[in-house]
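*Asks:* dropping a prediction and its sequence here:
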2 protein chains.
Amino acid sequence: MSAQKPRTVPGEVAWPGRRLEVAEPLRLDCGALLGPFTIAYQTYGTLNAERSNAILACHALTGDQFLAEPHPITGKPGWWASLAGPGKVLDTDRYFIICVNVLGGCMGTSGPKEINPATGEPWGLSFPVITIADIVRAQKLVIDHLGIETLFCVIGGSMGGMQVLQWAATYPERVFAAVPIACAARHSAQNIAFHEVGRQAIMADPDWCGGAYLTKGRRPARGLAVARMAAHITYLSERALHRKFGRNLQNRQAVTYGFDADFQVESYLRHQGIAFVDRFDANSYLYITRACDYFDLAAEHGGVLANAFRGTKTRFCCISFTSDWLYPTAENRAIVHALNAAAANVSFVEIETDKGHDAFLLDEPEFFATLRGFLGGCAERRGLAAR
Amino acid sequence: MSAQKPRTVPGEVAWPGRRLEVAEPLRLDCGALLGPFTIAYQTYGTLNAERSNAILACHALTGDQFLAEPHPITGKPGWWASLAGPGKVLDTDRYFIICVNVLGGCMGTSGPKEINPATGEPWGLSFPVITIADIVRAQKLVIDHLGIETLFCVIGGSMGGMQVLQWAATYPERVFAAVPIACAARHSAQNIAFHEVGRQAIMADPDWCGGAYLTKGRRPARGLAVARMAAHITYLSERALHRKFGRNLQNRQAVTYGFDADFQVESYLRHQGIAFVDRFDANSYLYITRACDYFDLAAEHGGVLANAFRGTKTRFCCISFTSDWLYPTAENRAIVHALNAAAANVSFVEIETDKGHDAFLLDEPEFFATLRGFLGGCAERRGLAAR
């Protein structure tokens, strides 16, 4: 992919990817001024001369900017590698894909793990609490920096979908098309509850040290692993868990009458927890889950979600998955209803799948076909040359 | 209630409730012989001369024998106080209600918290891992001890419902009527997964001390609280959480941009976690969740659930709740299908409610009416005098 990247521009460092160093402080929703700070991002494909083929792909809670290339820590394929690449749905021969590590993240963008330039110490809990709107403000700095006036498309699933909605609501004239996937216009009580369990698991770990573990050379790995395990269950449907694992035993003929991982599903969850702590920062997990919990787009618009989209010219395609119980179809449909009430251009597709919330990360033929069709139609309207 | 209790019989101590001291070792599913050991239980109402009016009510995961009287630790009403009492559905003027603290529990029955008579130390993880069948074996010792040949009814919700099914399968001739509520004939992968998260949260707490916290004067309170919080979400429906809490803030006008409990649902969950550790033993939580996970009644009968009930004369009433996603109607219906396949006498009622799994503990009029009708009909067949 590196050959397809634009040249490194001033203010960016080449490793471990692209970075934008922001000198001017950014006013956050909490009132704090953040700056100077860093935004890390990756791009795939080539920005055309008209700068009209840019797609901003927004990552989810524990995702990052390594969308279509191997992850620098785990070596695993990018989280949307099946969707993005030459000739794929997010066709890097046709589109210029941008993916920005969210503010508060832990893959290069300023967050609690990074050094506070004012103190020379890791931010820890002194990093300001951020919102989805703050995350989008930071992304916009990258888009401005790249000289892109209008994004061809903003797309994302889960927390990425919230960013899509925030973009469409805050900068409607800069978003030609928007694809919020498997998300909601506000975090429900159950969503908040699951996040709170994860945060409590982290904060209960003595190695969390009140958030100051980095300066003490410790890591709340056990708490973060438990948080990940609890969250991971919500990403899968009951049926998917049953299909994948059922009550199958893990490398044994009979239960052991003990507390080892007798069942495959236990072994799988433990692995998910352990693998996660190698690549993620516990405080980042606190900050990013909080940003999700605070998300309530209607509340920013007098309690009426449709007001977030009044007069929009953006073309929307909302996508949900039948077995997603974290952000169920009803939540996605509420977005569609609001867009309808704002007389927006919106299509809605509910994909039949038993894979649960995680379906937005998986190779789902109907999902891919829906995206391909919508993007193709929008590209035609936008005057982007067919491949 | 104490005036209605039968006299204390030899082998029992009066405080903190009724106890049966079992001298003869009990063979457990894991192969271990347990004994001598103690079974704590409570009774309500009076056993009639024919000993034909006894109802065994089986408690759920974190329940106990204090069904219809204030809890000795929390002072709160018994967990089925709304259902059981004079003139109530479980009418203590008519029936003799028995509730036994499960084996492995922490309210008087032998479990990891109690002293191992062989060592004089708390059992901790040296207590044998128990199963639902073991729990039922222990209950049967109480029933034998009370001289009850046939239980008029065995009833219970959630893990209590599993015990009902085990009773009906193992001792069919001793169960006149059976009411499994909001349960399943086997623990699903998702059920196991949630339990595993809870266990990992406990075992991740350094104060767990490899299970030996009691001998070290410590308690894994933080881990147990996180386990309870995660489990508690599964007891409520998304809609119930929304109705009770929505996105309401906790004693504040605006979010605080921090990690305090801004939302009521966070405050509620934290309270659930903290309150739980005052009354429950962490190792007991490990043992009892394990017993649930191991439960698979069909597996004990050649993989065919109907075989568990072949030739049964027991009258069954299966009850599920529409918004229960922990043991959804489909799981309860699978029990009914197996009973039908065994040509058993079975009725099935799905109660419309938005209260989720916890509905079996709540004052649900249709639930109460269903139970009253079923018990009344069975009592007539059984020749029990109407009140």
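*Replies:* Received it, and whenever you're ready, just let me know what you need.

*Asks:* which bits of the stretch 101-250 of chain A sit near chain B?
*Replies:* The stretch 101-250 of chain A comes close to chain B at residues A:125, A:128-129, A:186-190, A:192-194, A:196-197, A:199-201, A:203-206, A:222-223, A:225-226, A:229-230, A:233, A:236, A:238, A:241-242, A:244-247, as judged by Cβ under 8 Å from any Cβ of the partner chain. In this view, the C-beta of every residue, glycine as well, is placed from N, C-alpha and C.

*Asks:* which of these are buried?
*Replies:* Buried subset of these (neighbour count, 16 or more other Cβ atoms under 10 Å in any protein chain shown): A:125, A:128-129, A:186-190, A:192-194, A:196-197, A:199-201, A:203-205, A:222-223, A:225-226, A:229-230, A:233, A:236, A:238, A:241-242, A:245, A:247.

*Asks:* got the CA coordinates for the lengthiest helix in chain A in PDB?
*Replies:* Assignment by DSSP state H gives helix A:365-382 as the longest helix of chain A. In PDB, the C-alpha atoms belonging to helix A:365-382 read as follows (Å, rounded to 0.1, in the frame of the first residue of the first chain):
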ATOM      1  CA  PRO A 365     -22.200 -11.000   1.100                       C
ATOM      2  CA  GLU A 366     -25.400  -9.100   1.400                       C
ATOM      3  CA  PHE A 367     -23.700  -6.400   3.400                       C
ATOM      4  CA  PHE A 368     -20.900  -6.100   0.900                       C
ATOM      5  CA  ALA A 369     -23.400  -6.000  -2.000                       C
ATOM      6  CA  THR A 370     -25.400  -3.300  -0.300                       C
ATOM      7  CA  LEU A 371     -22.400  -1.100   0.200                       C
ATOM      8  CA  ARG A 372     -21.100  -1.700  -3.300                       C
ATOM      9  CA  GLY A 373     -24.400  -0.700  -4.800                       C
ATOM     10  CA  PHE A 374     -24.800   2.400  -2.700                       C
ATOM     11  CA  LEU A 375     -21.200   3.600  -3.200                       C
ATOM     12  CA  GLY A 376     -21.400   2.900  -6.900                       C
ATOM     13  CA  GLY A 377     -24.600   4.900  -7.300                       C
ATOM     14  CA  CYS A 378     -23.200   7.800  -5.300                       C
ATOM     15  CA  ALA A 379     -19.900   7.700  -7.300                       C
ATOM     16  CA  GLU A 380     -21.900   8.100 -10.400                       C
ATOM     17  CA  ARG A 381     -23.800  11.100  -9.000                       C
ATOM     18  CA  ARG A 382     -20.500  12.500  -7.800                       C
END
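
*Asks:* give the buried residues for it.
*Replies:* Buried residues in helix A:365-382 (16+ other Cβ under 10 Å): A:367-368, A:370-371, A:374-376, A:378-379, A:382.

*Asks:* which residues are contacting it?
*Replies:* A:52, A:83, A:89-90, A:94-95, A:152-153, A:155, A:176-177, A:179, A:315, A:317, A:319, A:321, A:347, A:349, A:351-353, A:359-360, A:386 (Cβ atoms under 8 Å, 6 or more residues apart in numbering or on different chains).

*Asks:* before we move on, what about stretch A:235-252?
*Replies:* Contacts for stretch A:235-252 (Cβ under 8 Å, 6+ apart): A:233, A:255, A:261-268, A:323-326, A:354-358, B:186-190, B:192-193, B:296, B:299, B:325, B:328.

*Asks:* got a list of what residue A:256 touches?
*Replies:* Here residue A:256 is in contact with residue A:262 (Cβ under 8 Å, 6+ apart).

*Asks:* isn't there a helix covering it?
*Replies:* No. According to DSSP: H, G, I helix; E, B strand; the rest coil, the state of residue A:256 is coil, so it is not within a helix.

*Asks:* for the closest residue to residue A:112 other than its chain neighbours, give me its contacts.
*Replies:* Closest residue to residue A:112 apart from its sequence neighbours, by Cβ to Cβ, 6 or more residues apart in numbering or on different chains: residue A:283 at 3.7 Å. Residue A:283 is in contact with A:111-113, A:124-125, A:127, A:211, counting by Cβ under 8 Å, 6+ apart.

*Asks:* give me the phi and psi angles of residue A:283.
*Replies:* phi -70, psi -40 (degrees, to the nearest 10).

*Asks:* from the contacts of residue A:283, which is closest to chain B?
*Replies:* residue A:125 (7.7 Å; Cβ to the nearest Cβ).

*Asks:* count the neighbours of residue A:352 for me.
*Replies:* 10 (other Cβ atoms under 10 Å in any protein chain shown).

*Asks:* so which helix or strand takes in the spatially most central residue of chain A?
*Replies:* Closest to where the C-alpha atoms of chain A average out (Cα atoms, centre = their mean) is residue A:60, at 1.8 Å. Under DSSP states H and E, no helix or strand contains residue A:60.

*Asks:* got the confidence number for it?
*Replies:* Residue-level confidence at residue A:60 comes out at 98, pLDDT.

*Asks:* would you check that it makes contact with residue A:163?
*Replies:* No. The criterion here is Cβ atoms under 8 Å, and residue A:60 misses it with residue A:163 at 9.4 Å.

*Asks:* show me the common contact partners of those two, please.
*Replies:* Joint contacts of residue A:60 and residue A:163 (Cβ under 8 Å, 6+ apart) are residue A:156.

*Asks:* in a helix, residue A:234, correct?
*Replies:* Yes. According to three-state DSSP, residue A:234 belongs to a helix.

*Asks:* enumerate every residue touching it.
*Replies:* Residue A:234 neighbours (Cβ under 8 Å, 6+ apart): A:194, A:325-326, A:357.

*Asks:* restricted to helices, list those.
*Replies:* residue A:194.

*Asks:* in stretch A:29-44, what counts as buried?
*Replies:* Across stretch A:29-44, burial judged by 16+ other Cβ under 10 Å covers A:29-30, A:32, A:34, A:37-44.
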